[in-house]
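Peer 1: Based on what follows, work out the 3D shape:
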Amino acid sequence: MNLILFDVSGTLVHSSDFEHKVLMSTMSRVMGVPLRTLEDFRKAETETAFVEKVWTLVKGVEPSDEDWETIYEVYHKVLMEAYLHSSERFKSLEGAPDLLRNLIDSKSWAFAIATTAWHDMAHLTLRSAGFYTRRIHVVTGEGIAKKKDLIHKAINSSQRWYGVDGFNKVTYVGDENIDHVACRELNIPFIEVGELATTREKRKLVRYPDKGQFIRLARRAVVPTRVRTNSLGSLIGIRA
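Peer 2: Modelled structure (predicted):
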């Protein structure tokens, strides 16, 4: 059996600044730090890595278990408030829900979600965008500071989910350089969502192909050999 791991934001669901705003607002409330100050510290990193970095800079120590409980509690409140009062709604990339529904019945290609987003955000995003998560193995980023560690965790937990001792091939589908780098470090094949782009009305748009075509793409996927300085996602309006 083979395994395909999918990121969420920018990969299965169109990106927006919703996730970013919720995380920034959470840390501003918990730490009493102005939003504009937090913006200066946000880099291409996991949510957990960002929180640990800011907390250590402000407090001089890493967040304790009790601190994390407070952070997650406030995060959930901010997320619900933002979702209820926002006009934004999550939208899947064209063809993505159909692809995952069809992959569920595959005997040789398993799949799972591996996202650095935290549990509440990941499940809200997927459900709102039309994905039925009860039949999907979703691995989220609580307590994980590095993307490669998330992917490693997703592989191990997927073995238990599918009841196998290992996978013949593991492929990650993502849209950012952080994904590209992690796959290179782990020596696993990577599919950039920009590879699925087609030209429509002079614009580059991503549309997931049917199950057979996508599996052929997964079979051909290879380990990245260099860091991409320009994610194709930025060219098609998904996420820079």
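
Peer 1: for the host helix or strand of residue 27, packing partners?
Peer 2: For residue 27, the element it lies in under DSSP states H and E is helix 18-31. On a contact count with 3 or more C-beta pairs under 8 Å, 6 or more residues apart in numbering; DSSP states H and E, helix 18-31 meets helix 35-39, helix 47-59, helix 65-85, helix 119-128. Bear in mind the C-beta positions are built from the backbone N, C-alpha and C, glycine included.

Peer 1: and the angle for it with helix 65-85?
Peer 2: On the basis of axes from the mean of the first three to the mean of the last three C-alpha atoms, to 10 degrees, helix 18-31 is oriented at 130 degrees to helix 65-85.

Peer 1: Now helix 18-31: buried residues?
Peer 2: 18-19, 21-28, 30-31 (16 or more other C-beta atoms under 10 Å).

Peer 1: Please pick out the residue of the chain most distant from its centre.
Peer 2: Most distant residue from the mean C-alpha position of the chain: residue 60, 29.3 Å away (C-alpha atoms, centre = their mean).

Peer 1: Give me the phi and psi for that one.
Peer 2: phi 80, psi 0 (degrees, to the nearest 10).

Peer 1: now it: how far from residue 27?
Peer 2: According to C-beta to C-beta, to the nearest Å, residue 60 and residue 27 sit 16 Å apart.

Peer 1: Likewise for residue 124?
Peer 2: 19 Å.

Peer 1: Kindly report the same for residue 73.
Peer 2: According to C-beta to C-beta, residue 73 and residue 27 sit 13 Å apart.

Peer 1: One more: residue 192?
Peer 2: From residue 192 to residue 27 the distance is 30 Å (C-beta to C-beta).

Peer 1: now residue 75
Peer 2: 9 Å.

Peer 1: just residue 208 next, same as before
Peer 2: 34 Å.

Peer 1: likewise residue 145?
Peer 2: 15 Å.

Peer 1: Next: residue 109.
Peer 2: When residue 109 is compared with residue 27 (using C-beta to C-beta), they lie 39 Å apart.

Peer 1: circling back: out of the helices and strands packed on helix 18-31, deepest packed?
Peer 2: helix 119-128 (a mean of 19; mean count of other C-beta atoms under 10 Å).

Peer 1: Can you give the strand pairings for the helix or strand just after that one, parallel or anti for each?
Peer 2: Using DSSP H and E, the helix or strand that directly follows helix 119-128 along the chain is strand 138-139. Looking at strand 138-139 with DSSP bridges, its partner strands are strand 109-114 (parallel).

Peer 1: Just the CA atoms of the strand it pairs with, as CSV, please.
Peer 2: Output in CSV follows, covering the C-alpha atoms of strand 109-114 (Å, rounded to 0.1, in the frame of the first residue of the first chain):
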residue,chain,number,x,y,z
TRP,A,109,-3.4,4.1,-2.3
ALA,A,110,-4.2,5.3,1.2
PHE,A,111,-4.3,9.0,2.1
ALA,A,112,-4.4,11.2,5.1
ILE,A,113,-4.3,14.9,6.0
ALA,A,114,-1.0,16.3,7.5
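
Peer 1: domain assignment for the protein?
Peer 2: 2-15+91-235, 18-85 (automatic domain parsing).

Peer 1: Any idea how far apart the tips of stretch 119-138 sit?
Peer 2: Stretch 119-138 has an end-to-end distance of 9 Å (C-alpha to C-alpha, to the nearest Å).
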